[in-house]
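**Student:** here is a sequence together with a model predicted from it:
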Amino acid sequence: MDGWPGQIVSLRFSTPGGRSLFLCRGSAAFANLLFFHRLRPVHNPFRAAVISSGSNPVYAKQKLSPLRSRGCLFLCLVLAFLAACPRPSRADSLEDAARALARKLCSAPRQQTVRINWQDSPELSGSFPDSFKKSFLLQLSACGIGTGNNSNSPRLVVSIQSTASKLLLVANLVDSLGSVEIRMAEIRRETLSISNEPSRVPRLQKDLLWQQERPVESATEWQNPSTQERFLFLLSEGFFVRLHSQNEIWTQVDSTELPKMDRRSRLRGGTFVFSDKEAKLQLLSNLKLCDFEPEGPLRFTCVDTNFGGKAVLLSSICGEPPRSIRTDTGDYTQRDHIILSGQEVAGVELPAEDAASRSLEMPGPVLDIANTPDSKAVTAVVRNLSTGNYEVYQITLGCAN
Amino acid sequence: MSFRTKLLFVVLLTIFASVSVVAYAVTHYTQAAFEAMDAERTEALVAQFKKEFVQRGEEIAHQAKNIAEANLTERMAIDLSRPNADQSLYVRDAVGTAQEHGLDYVEIVNYDGVLISSAQFPARVGYKNEWVTAVKDWNEIPAFWKKEELPDGVSVSLSVVRTNNTVADKTLYIIGGHRLDKNFLASLVLPAGMRALIYTNLEPAFVPTSLMGEKIDAEQAERFASLVEQLQKQPQPLVRTIDWTRDPADAETFHAIPLTGRNNELLGIFFVGSSRKELVLLTRQILKIAAAVAAAALLMGLLVSFWVSARITKPVEELAAGAREVAGGRWDTRIDVHGRDEIGQLAEAFNHMTQTLAAQKERLVQTERVAAWRELARRLAHELRNPLFPMQITVENLQKARQLDAKQFLEVFNESTATLKAELANLNTIVGRFSDFSKMPAPQFVRVNVNEALRNAVRLFEPQFNEVGKPTITPELFLTEPLPDVDADPDLLHRAFQNLVLNALDAMPAGGTLTLRTSEHDGHVRIEVADTGKGLTPEECSRLFTPYYTTKLQGTGLGLAIVQSVVSDHHGTISVASDEGRGTAFRIDLPQRQSGQTTAPREPAPESKSAPSTLAAASD
Amino acid sequence: MLGLAILPSAGASKWPHYSGTLRVELRASSVSLDPREWKVGSAEFATDERMGALVFDRLVALDNYGRFQPQLATEWSHDAAFKRWQFILRANAKYSDGTVLSSADVAAAIQPLLPDGQQISASGNNIVIQSAAAMPDLLEELASGHFFVYRAQPDGTLMGTGPFFVAETVSSSHASSNSSSAPADSSLAAPTPGVGKTMHLRFRANEETWSGRPFLDAIDVTLGVPPLRQLFDLQLGKADLVELSPELVRRATQDNQRVWSSAPVTFYGLRFDEAQPSAMDANLREALSLSLDRQTMANVLLQKQAEPASALLPQWLSGYAFLFTMETNIERAKEIRATLPANMAIGAEPLRLRVDAPGDLAKLLGERVAVNARQAAILVQVVNRPVARTTTTSNDPAAGVHLFSWHYSSLSPRVELESMVSTLNFGNSNEAAVSSTDPEQLYAREKKLLQERRVLPLVALPEYVGLGQKVRDWMPSRWGEWHLADVWLDLPESVPAQAGNPSATETPATPTAGASPGAKP
């Protein structure tokens, strides 16, 4: 792999192999890591490709925003340049950082064996990346420091701390005499963004379908009744994006700009609405209600409308009457909940002990919810507060037993 | 000093004394009364303050109780009783609670003594307050004085502890308090003229700035040092008066009430000051009035006593004057009598006396005159009888001779006419002498040398001293030289001396010594003429100068009367001293000057040419 | 089967509006809109910077996820040694008056803000910053603090490209009488006491801004509002956005107000001063440090609204702060104290602590320090701070200790630490400032400073913001940038008249905007 911008630009999405392509040297493992960590919860993930350049993230979906294409070209030039050059005490990836840190420890007074203690840090919301551990230990052993559990051998505490812009890898070596040796290595924080949602299984279940760093205003999943083909429609920064599921992997089919709107507007949002009358999926954007062909060429025929709010229904597979879904008062400052309500529709009171199972914590504010035509599932767009990524979840209502 | 003055003085003295006694008594008793009143007032105030304190304590206790029983507090107690309760939840509660319940200080203490929340010193939160947990049941304990730690130092408060026992054996303590400061003072009601000060005793030594109260400055505060120190030694109520200035009106009496904490430590002193101004001013007022009254009384007394004394002494003085008049010879002096009192009687008696005196004198003069006239008549008869008898005889002889021859008749006739002639002459002489006496001339005063006059008088009688056939008489003269001249009439003087010498010769028929002596006695010249005759009886002496009295067989007895008249005309005196058988001495004192006399220059003593006739006559 | 129903407006609008005026209340009694005047570290800096961010833009910004976002600069690069940085200026970014931003403007604006030895030059749409020393953390610097781009007007005011511009400044004492129309003087000096205490600042949306016209029409800022009053106004709906002082946070949350807190951004510490000889005694300082109970300060006294600080830089900035620990050991403190001459910090000459930091909170901390110190038999006397607009460097000759507050303003730990040291001069003069961003060097430097104990960390305080119920899309940065351009107000009356299908099958479960179905974001 070499780093020609042209190719970078021409790069689209991942290959069926399920591995992203990375051109910048030294980034492959990192991408690996990204893949590994980001999409672990996703059963059939699409793998986003992120190229770090001049500390400014650029997306493969670059083309979605023509405004940025020139910037991208330049950035990739810069990227190529940067990727090539060595950086003192800086790393492009966690592994590099791990190795750098280990090397520093080697220079410390020689220790035969150390007891390693991986200190989880809240920023990483728990577990340590194995790849990090691996590279770190490899490098240690390379300079003759072994690990063991001998209580009188020096203790080495390794932790990852995140600051406003950096990740700081700190190794704290305390020998039996109590003398402390501290070594650090830092890395750009954006190289690590981990969404790590403890996936509980209440009756309300959520599954991560898709995530990206660029804003997503609304999303819905659509299945062709006849061909059973699954599509995922996204509204992102004024663009309509159509993804198609092939072998459980989302691939972008195409994208187009939404009906004309004020360029300077911050309001690029819209939402998918499903009108049962016409039994068709519509797009509501800028107070216009638009029809479009889910599978056909992307074209919008819009009419002005007055639209207040929308109610989303979710029916359980157990044949209960559909429940309405609402979201909690979460804001960008706190996590949000998707709450099952609408008892008045069900006409039955839910037992109190059910309360917990009726609410589902999301990793951040819920920006939009839209339901599938059959209202068997609801698609929720959430902004993950710990990673800052926009995530699309599929919410289903499990069966009580 | 006159009786009146004395009397006046005495009366005044008496009045003054009594007035001052009264004034003193009044001032003294009123002052005492006011003192007592003032003391009572202060006592009352002190009592009131003590009551205030108690009430304050009750208020605070009430508030603290309210806090302790509030639902919030109960919830707090329950919450805090849980294991590892979050105490930080309540850190700020005390502040709000304090404001709510109008307390300066509120502290919430956990069952283990840990300070949960503090309104006055939030920074102390988390520290232990053992003293709170030490006490079993706070709820019965009334308010007490307490030393309060504050961020900016220490203060004293009236505090109460109440508890919330919602959770068994995990009592929550509420400490409520009011700060002891100016506001605390301000809330106390003060009668006029009184003020309250508070000294917060937070240092071992006296700190002027710790003394709070209205109108109290540092230099005033200093004056409390000793008082405070005394209380610091022994905290017990004291009363002391402080003189702010020399003027006693500025003095203030302070009741010091020690405020002691639960362990009897002195935390503060409460001063109740009552100004003595009113008292002093009142006393002064009274004094002034007393003085004025006294003055008035004295003046009155003066007048009254003057009047009284005048009233009393006037008759006395009149008496005295009357007496003097009488003494001066005005026997008819009278005093007009007022009233029937002693003085009146005295005056009456006096008048009576003078009256009697006058009457008696009159009678005396009458008798004297009668006696004199009898004497004169007797003498006249006697004198005239002497020549008449021979003439009768002669005339009878002549009648008889008419029977005799002519020749014999002639002889008898001649002889009888001669005798008749002689006797007639004799009669003539006698008459002359009486007329002489009657016509004694008024003296013409000139300067006269008495010695000269005496020598002249003696020289006249020299022939008789050594007369043949008669016993000899020896004149002895002791004349003081020089002897001042006297104003006198030389002729009268001469006659007086002649008579005296003649009298002396007559007194010595058998001879003897005639002594003449002159001397000067203050302003007088004394002349003494003494003989060595048979002397006089006292009875003779007393009548000696009576006219026409004589001891001699012949003589008119006018001699010594003339002498006396001359002497008295010269304003002199004459006296006689005589020893029976030894002789008689006459003494004459003549004043040297005659008052109001213009005296002619001295003239030579009269020649004795005319004298013999008179003398002859006198000595006849 | 029920599918989706289009509902008439349920009283809450689903999407952001272009309308409304955000009412903001601030404690500060005056605001300066001239980045050159801002006092680094001062309490006012935060306010000034916030207001500045409404009017001005930076070249780059850092988001909550450590990603540098293009602002006025769309792309950037640097050489291997980090000595030369090149920025590409955003094309046709416009000032509020419609004039186009030029790279020369940027150079002119940034140059005075750059430290010595860094030159900025402009050519075309390229901007180059270079220096003899490496500038590895230049982006962090430019993304924070006073590195705003502005153009000085002839009248002395500064104009920005930001989402808002100053429409007018109103002194409340004269009501609206003397409201000077925009653009207002950029440096709004503190109103003289006589002339109305509070001051209103009115910002209007900049239609021309490159980042898209903000949702809000205007922002009304009231200055000099006391904390409690702010809370009341928030509760009464008189204000949409207020600063909450830490002691009120609990109250606000109990009252179900929306409260947001930043990462700890204000540092409280003790600074020793030669003014009192005893303060220069290392042992005394150690004893004092050992006597301080930071845990209680933060968790009890400040009701967990603060964090005990054991380092100068916060964890979120340095990353290694957790390595420092501040021991509390009264017994040891007493021992050390016992070895000191009696006259030192005892009755005769108590150690005077002056509270330079503004606010009751600082005073409370000062008093706590005194109480702690007393446990170790060290007499500390708290003296109140002179009534002047706070200057952490102002030296009261009498005081040997100063309780100061420091507001972190740079996203570069190196810059922050050095400006802290130089401003508060508690560093050893002979000690050279670190130029490299190597965390180990930085750590060593800070460690040394802390060991000298001429400065003792106490606590670090986050910033608290109370939000009105109508405020939407509140997306501040962890370190306290408000990003008001993205905020919009959920105003029922602004919803267009309802239409569409009346056959509503669903109604909101709760009437509140937030709880109505899909009423998000």
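**Tutor:** Received, thanks. Remember, predicted model here, so these are calculated numbers, not experimental data.

**Student:** got the contact list for residue B:105?
**Tutor:** By Cβ atoms under 8 Å, 6 or more residues apart in numbering or on different chains, the contact list for residue B:105 reads B:98, B:119, B:120, B:148, B:157, B:159, B:175, B:176, B:177, B:178, B:179. Glycine gets a C-beta too; all of them are placed from N, C-alpha and C.

**Student:** nearest spatial neighbour of it, skipping sequence neighbours?
**Tutor:** residue B:177 (3.7 Å; Cβ to Cβ, 6 or more residues apart in numbering or on different chains).

**Student:** contacts only, for the residue in the stretch 101-250 of chain B that chain C sits nearest to.
**Tutor:** Residue of the stretch 101-250 of chain B nearest chain C, by Cβ to the nearest Cβ: residue B:123 (3.4 Å). When contacts are counted by Cβ under 8 Å, 6+ apart, residue B:123 touches B:151, C:301, C:364, C:365, C:366, C:367, C:368, C:370, C:371.

**Student:** now render these as a markdown table, adding secondary structure, neighbour count and distance to chain A.
**Tutor:** Formatted as a markdown table, the contacts of residue B:123 follow (DSSP: H, G, I helix; E, B strand; the rest coil; neighbours: other Cβ atoms under 10 Å in any protein chain shown; distance: Cβ to the nearest Cβ, whole Å):
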| residue | secondary structure | neighbour count | distance to chain A |
| --- | --- | --- | --- |
| B:151 | coil | 17 | 36 |
| C:301 | helix | 29 | 25 |
| C:364 | helix | 21 | 27 |
| C:365 | helix | 31 | 26 |
| C:366 | helix | 28 | 30 |
| C:367 | helix | 23 | 33 |
| C:368 | helix | 29 | 28 |
| C:370 | helix | 22 | 33 |
| C:371 | helix | 23 | 32 |
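
**Student:** of those, which one scores lowest on pLDDT?
**Tutor:** The lowest pLDDT within the contacts of residue B:123 belongs to residue B:151, with 84.

**Student:** for chain B, which spans come out with low pLDDT?
**Tutor:** Residues of chain B meeting the criterion pLDDT under 70: B:189, B:546-557, B:596-620.

**Student:** for it, what's the longest helix?
**Tutor:** helix B:3-69 (DSSP state H).

**Student:** still on that earlier bit, so who does the residue lying closest to the residue of the stretch 101-250 of chain B closest to chain C once chain neighbours are set aside touch?
**Tutor:** Nearest residue to residue B:123, sequence neighbours excluded (Cβ to Cβ, 6+ apart): residue C:367, at 3.4 Å. Counting by Cβ under 8 Å, 6+ apart, residue C:367 makes contact with B:121, B:122, B:123, B:151, C:382.

**Student:** show me what contacts whichever residue of the stretch 201-350 of chain A sits closest to chain B?
**Tutor:** Nearest residue of the stretch 201-350 of chain A to chain B, counting by Cβ to the nearest Cβ: residue A:334, 21.2 Å away. Residue A:334 sits next to A:365, A:385 when contact means Cβ under 8 Å, 6+ apart.

**Student:** of all the contacts of residue C:367, which comes closest to residue B:399?
**Tutor:** Distance to residue B:399, by Cβ to Cβ, is smallest for residue B:151 among the contacts of residue C:367, at 178.1 Å.

**Student:** leaving out chain neighbours, which residue sits closest to the closest one?
**Tutor:** residue C:367 (4.3 Å).

**Student:** same thing with residue B:291?
**Tutor:** residue B:23 (7.0 Å).

**Student:** now swap in residue A:281 and tell me
**Tutor:** Closest to residue A:281 by Cβ to Cβ, 6+ apart is residue A:274, at 5.4 Å.

**Student:** and residue C:370, by the same measure?
**Tutor:** residue C:380 (4.2 Å).

**Student:** and residue C:222, by the same measure?
**Tutor:** residue C:25 (4.9 Å).

**Student:** looking at the one you found now. What's its pLDDT?
**Tutor:** With respect to pLDDT, residue C:25 scores 94.

**Student:** can I assume residue C:149 is in contact with residue C:53?
**Tutor:** No. The criterion here is Cβ atoms under 8 Å, and residue C:149 misses it with residue C:53 at 11.6 Å.

**Student:** so which of the contacts of residue B:123 is the closest to residue C:317?
**Tutor:** Among those, and counting by Cβ to Cβ, the member closest to residue C:317 is residue C:365, at 21.2 Å.

**Student:** so how far is residue A:156 from that closest one?
**Tutor:** 37 Å (Cβ to Cβ, to the nearest Å).

**Student:** and residue B:404, by the same measure?
**Tutor:** From residue B:404 to residue A:156 the distance is 230 Å (Cβ to Cβ).

**Student:** which phi and psi does residue B:210 have?
**Tutor:** phi -80, psi -10 (degrees, to the nearest 10).

**Student:** who's in contact with it?
**Tutor:** Residue B:210 makes contacts with B:199, B:200, B:201, B:202, B:203, as judged by Cβ under 8 Å, 6+ apart.

**Student:** and for the last one, the neighbour number?
**Tutor:** Translated: residue B:203. Using other Cβ atoms under 10 Å in any protein chain shown, the number of residues around residue B:203 comes to 11.

**Student:** which ones are touching it?
**Tutor:** Counted by Cβ under 8 Å, 6+ apart, residue B:203 has contacts residue B:210.

**Student:** what secondary structure does it sit in?
**Tutor:** Following DSSP: H, G, I helix; E, B strand; the rest coil, residue B:203 is assigned to coil.

**Student:** I appreciate the help and will end here.
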